[in-house]
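# quick one: sequence plus predicted model below, questions after.
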Amino acid sequence: MSKYFPLWPDQASTMAGQVDALYIYLLLVSGVMTGLIYIAVMVLAIKYRHKPGQDAHQIEGSTILEITWSIIPFGVMLTFFIWGAVLYFKERTPPADSTEVYVVAKQWMWKVEHMEGQREINELHVPTGQDIKLILTSQDVIHSFFIPAFRIKQDVLPGRYTTAWFKATKPGRYHLFCAEYCGTNHSGMGGDIVVMEPQEYAVWMAGGPSAPLQETGKQLFASLGCSTCHRFDVQGRGPNLQNVYNKPVLLEDGRTVLADENYVRESILNPTAKIVSGFKPVMPTFQGIISDEQLNALVAYVKSLNQPPTGTAGLQPAAAPAQPQNTQVQ
Ligand SMILES: [Cu+2]
């Protein structure tokens, strides 16, 4: 039956069942509440209908009754809020060890970059059983990244990063939609999420010729001249970027901000927006000079400079797997 008349999309992520459970609960409670109200209307209409020879008499209200039928439904409805909030925070918080994937939306396609350097268009290959964190941005207008089978939908905005995460549970092909009207070919802006068994995925990933994203970023860091000011050995004109990512940064104006992806992005495109304490606003903007893909590579590189505090390794720039033969950057 459900094959011919599917009520729900596939459940292909860890969140899917939980979202559906909440939805079913919402439908059931709404149905029961609606039923109770309609039954009360019918019963009272029949019981207190006009009878010949009988005059109506005034019935005063009952405070206890009124409080009861306000408080109980209020409590029941609050369970929607609590359950919904718990699920919302789960869906909004990528697990710390997630595999990161960069997604750039543009009219009318999805460009995907894996950390390993693999690139895809309108397709995203992922393994089952792995937390995947998507770091999304748009080159033009607002899009929305929607995978019904995973029950995730996230707006994709120009000028900043947004994130989403999922853990796929079932191999298969699941449709990706753009869920925000974005121009003429909006309805054609779709794609496929290809979920594979981990071994199969490893084979697919090994077939990619590209350098890791952070390695591309490292080369850009050198070729754009970033490394002349952001030094790792001595204090340069710009801050040392080692172990900066995801840490609090004290600014010249006294504020402290978190150096997340959006902070790194802003610092590259609009360097004077947040000046680090003790430094001068001397960095030029790279707005219009580098593409969103190059920006992603630089962000990935800055992230890779976070090293686990072991021995003497803290003083060296991150040792990305070296693939010097591939220096091409699109
Ligand atoms: Cu779109």
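Everything's here; your move. Residues are numbered from 1 along each chain as shown.

# for the residue nearest to Gln130 when sequence neighbours are not counted, which residues are in contact?
Nearest non-adjacent residue to Gln130, counting by CB to CB, 6 or more residues apart in numbering: Thr99, 5.7 Å away. C-betas here are computed from N, CA, C, even on glycine. Under the criterion of CB atoms under 8 Å, 6 or more residues apart in numbering, the contact partners of Thr99 comprise 115, 130-133.

# tell me what Thr99 is bridged to.
Residues in a beta bridge with Thr99, per DSSP bridges, are Ile132.

# rewinding a little: need the max-distance pair from the contacts of Thr99.
Taking CB to CB as the measure, the contacts of Thr99 span a maximum distance of 13.4 Å, between Met115 and Asp131.

# now the closest residue in space to Ala56 that isn't next to it in sequence: which helix or strand?
On the basis of CB to CB, 6+ apart, the spatially nearest residue to Ala56 that is not a chain neighbour turns out to be His50, at 7.8 Å. Secondary-structure assignment from DSSP states H and E places His50 in no helical or strand segment.

# what residue in the stretch 201-330 of the chain comes nearest to the ion?
Using CB to the ion, Asp292 is the residue of the stretch 201-330 of the chain that sits closest to the ion, at 14.8 Å.

# what residues does the stretch 51-200 of the chain put near the ion?
Along the stretch 51-200 of the chain, the residues adjacent to the ion under the rule CB under 5 Å from the ion are 143, 178, 182, 189.

# low pLDDT regions in the stretch 201-330 of the chain?
Along the stretch 201-330 of the chain, segments meeting pLDDT under 70 span 209, 307-330.

# interface residues of it facing the ion?
Residues of the stretch 201-330 of the chain that fall close to the ion, judged by CB under 5 Å from the ion: none.

# do a quick rundown of the strands in the stretch 151-300 of the chain.
152-156, 162-167, 172-178, 191-196, 248-250, 256-258 (DSSP state E, counting those that start in this stretch).

# now tabulate these in CSV and tack on mean neighbour count.
Putting these into CSV (neighbours: other CB atoms under 10 Å) gives the following:
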stretch, mean neighbour count
strand 152-156, 19
strand 162-167, 21
strand 172-178, 18
strand 191-196, 20
strand 248-250, 12
strand 256-258, 11
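
# residue at max distance from the center of this structure?
Relative to the centre of the chain, the most outlying C-alpha is that of Gly53, 69.2 Å out, by CA atoms, centre = their mean.

# count residues in the vicinity of the residue of the stretch 1-150 of the chain found nearest the ion, would you?
Of the residues in the stretch 1-150 of the chain, the one nearest the ion is His143, at a distance of 3.4 Å by CB to the ion. Neighbour count of His143, defined by other CB atoms under 10 Å: 32.

# any weak-confidence spans in the stretch 1-150 of the chain?
Confidence mapping of the stretch 1-150 of the chain against pLDDT under 70 gives the ranges 1-3.

# which positions within stretch 127-146 qualify as buried?
Along stretch 127-146, the positions that meet the burial threshold by neighbour count (16 or more other CB atoms under 10 Å) are 127-128, 131-139, 141, 143-146.

# over to stretch 265-284?
By neighbour count, with 16+ other CB under 10 Å as the criterion, the buried positions of stretch 265-284 are 265-269, 271, 274-276, 279, 283.
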